[in-house]
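[1] Got a sequence here, can you build the structure:
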Amino acid sequence: MNLHPYRLLPLVLALLAACQNTVISRPSGVALPAAFDHAQSARNSADIAQWWRQWRDPVLDALIERGLRQNYDIAIAHSRLEEARAVARLAQADLGPKAGASATFMRMDARIDNPLDDRARDALGRYPQAAALNQDHFTLEGSSLSGGLNAAWEPDIFGQKRSDADAARYAALGAQEQAYGAQLLVAGDIATHYLQARAAQSRQRAAERSIAVLKRLTDYVQSRFQAGHLSAYEVEQARAQLSAAQARESTLTAEYAAHVRAIAVLTGHVPQVFHLAESHSDLLDKLPEAPGGHTPQGMVERRPDIRAAAAQVQAYAAKLASARADLLPRFSISFLGQGMIGIDGERSLSGWSSLLSVGLQVPLLTNGRIQANIDAADARLKTALLQYDRALLQALAEVDTAYHNQNALVQQNALLVQAHRQTDKQAADAEKLFRYGGKTLDNVLTARLHEIQAQENLIAAQLARAQTLVGLYKALGGGWQGVAGE
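    Numbers count the residues shown, from 1 in each chain. Next comes the predicted model:
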């Protein structure tokens, strides 16, 4: 029995109702804990979308917000996102039919020699209807215009194209998360370099105080040496301490400048013309408490790298579904319509033709190509899932480590604040005793050096706590929501 192609349309349309993508589920092997081990003491706000605003430093706020707008790493990530979205739209467009139109204009002007011999021409010349065949040549002239329509569609009955579109869509989602991750890292890097620059300034001021005290101590020891009360050993020892302090000060200047240049690059400034604005906020001395109220589930839902890894798993699952669909039949529908109109000439032709075809393709002999492609796609999916689980475990460890270190550093800072106060009081007491003859000047200056060293220890501990706090914000996934509309 022969079926006209047009009669196959209802059957094909009925099959389209079954079109769907194959869903492949691969759950994670990591069981999330209910809470973080060391987050119980955190009591600060759980809102970490723009965590830097809690630090009450307008200079830092302006730098991070500019960085989120002008940073080149973020711009590159957004450019890659646009590419991934275009690829996703391309894959989605492949689900529908394709149609096109064509038009051709032809002009013919030909001179053809008569191939008949003289006897044939004479014989044909006796008949009026064939008199034209008695000529030595023929002239063909005329113009025509032809056009046509063509359409093709491969119905996605078993979901292969839908799986390809899903893979591209998840790849675009992964690119979006990478753009968010770039924002998170840029905000954290700007804050880290800013903290280090401010710490370098504080250490520089402490170094200047230390140099001033050591100069006084050197002059005092030199005077005592000249009076015969001390040996040259004590003089050289004081000079060595002064030289070491001056050397530290010079490296602090270079350290500060390096952090300022890093901030310039992160915020899209030319380093040679960028200057860090002065701040009236004592940032290191007034750090906020660690954010509380966060759970492992919330971290998973917020961290861009975890979300990107999850999107990658979904993309590879869709690619595996597409590879498995190669084992199934594929259908195609094609239509071709062609028309021609003669514009001039004595024998102009015109007409219309059309062709509708429905095709079926079934894989028979592939020499294992399809199965090898399925195995490769399955292995890629397993790798992506393992990478997701690894990233999840690392994230859980990062958060608890940051909380743990933050708790320890808070206690350390409190003890170092107390130590600095005690050494400052000792230095003040030594000065009083010196005025009343109870201490010598070297005792006073040495006590002041101990106070300055305690201050430097406190600055280092404050910087460590601040950096750990930034790391905690990053580990929890805060900071990428800093741009309006994201």
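[2] What is the least confident helix or strand in this structure?
    Lowest mean confidence among the helices and strands of the chain (mean pLDDT, DSSP states H and E): helix 9-16, at a mean of 44.
[3] helices and strands around whatever helix or strand comes next after that one, which ones?
    Scanning forward in sequence from helix 9-16 by DSSP states H and E, the next helix or strand is helix 58-70. Taking 3 or more C-beta pairs under 8 Å, 6 or more residues apart in numbering; DSSP states H and E as contact, the helices and strands that helix 58-70 lies on are helix 160-226. Quick note: C-beta positions are derived from backbone N, CA and C, even for glycine.
[4] so for the helix it packs on, what's the average pLDDT?
    Mean pLDDT, helix 160-226: 95.
[5] so it versus helix 58-70, what angle?
    Put simply, helix 160-226 runs at 150 degrees to helix 58-70, going by axes from the mean of the first three to the mean of the last three C-alpha atoms, to 10 degrees.
[6] Would you mind listing the buried residues in the helix or strand following helix 160-226?
    Following helix 160-226 in sequence order, the next helix or strand is helix 232-266 (DSSP H and E). Within helix 232-266, the residues that count as buried by 16 or more other C-beta atoms under 10 Å are 235, 238, 241-242, 245, 248-249, 252, 255-256, 259-266.
[7] where's Asp389, which helix or strand?
    Going by DSSP H and E, Asp389 is part of helix 369-435.
[8] Toward the C-terminus, what is the element adjacent to that helix?
    With DSSP H and E, the next secondary element past helix 369-435 is helix 441-476.
[9] Show me what that following helix is packed against.
    Against helix 441-476 (3+ C-beta pairs under 8 Å, 6+ apart) you get helix 160-226, helix 296-302, helix 369-435.
[10] For it, could you pull out the residues that count as buried?
    441-442, 444-452, 454-456, 458-459, 461-476.
[11] which residues does the nearest residue to Thr104 once chain neighbours are set aside bridge with?
    In this structure, Thr104 finds its nearest non-sequential neighbour in Ser146, 4.8 Å apart by C-beta to C-beta, 6 or more residues apart in numbering. Per DSSP bridges, the residues bridged to Ser146 are Thr104, Met340.
[12] burial of Ser146, as a residue count?
    Counted with other C-beta atoms under 10 Å, residues neighbouring Ser146 total 17.
[13] and it, what is it in contact with?
    Counting by C-beta atoms under 8 Å, 6 or more residues apart in numbering, Ser146 touches 103-104, 106, 338-341.
[14] do that again at 7 Å, thanks
    Contacts for Ser146 (C-beta atoms under 7 Å, 6 or more residues apart in numbering) come out as 104, 338-340.
[15] could you dump those to CSV with neighbour count and pLDDT?
    Putting the contacts of Ser146 into CSV (neighbours: other C-beta atoms under 10 Å; pLDDT from 0 to 100) gives the following:
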residue, neighbour count, pLDDT
Thr104, 10, 86
Gln338, 15, 82
Gly339, 15, 77
Met340, 17, 75
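[16] Could you list the low-pLDDT ranges of the stretch 201-350 of the chain?
    Within the stretch 201-350 of the chain, the stretches with pLDDT under 70 are 343-349.
[17] circling back: with distance to Ser79 as added columns, please give the contacts of Ser146 in TSV.
    Below are those laid out as TSV (distance: C-beta to C-beta, whole Å):
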residue	distance to Ser79
Thr104	41
Gln338	44
Gly339	46
Met340	48
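[18] The nearest residue to Lys439 once chain neighbours are set aside: neighbour count?
    Excluding its sequence neighbours, the residue lying closest to Lys439 (C-beta to C-beta, 6+ apart) is Leu433, at 4.1 Å. The number of residues packed near Leu433 is 15, by other C-beta under 10 Å.
[19] Ok, Glu301 next?
    12.
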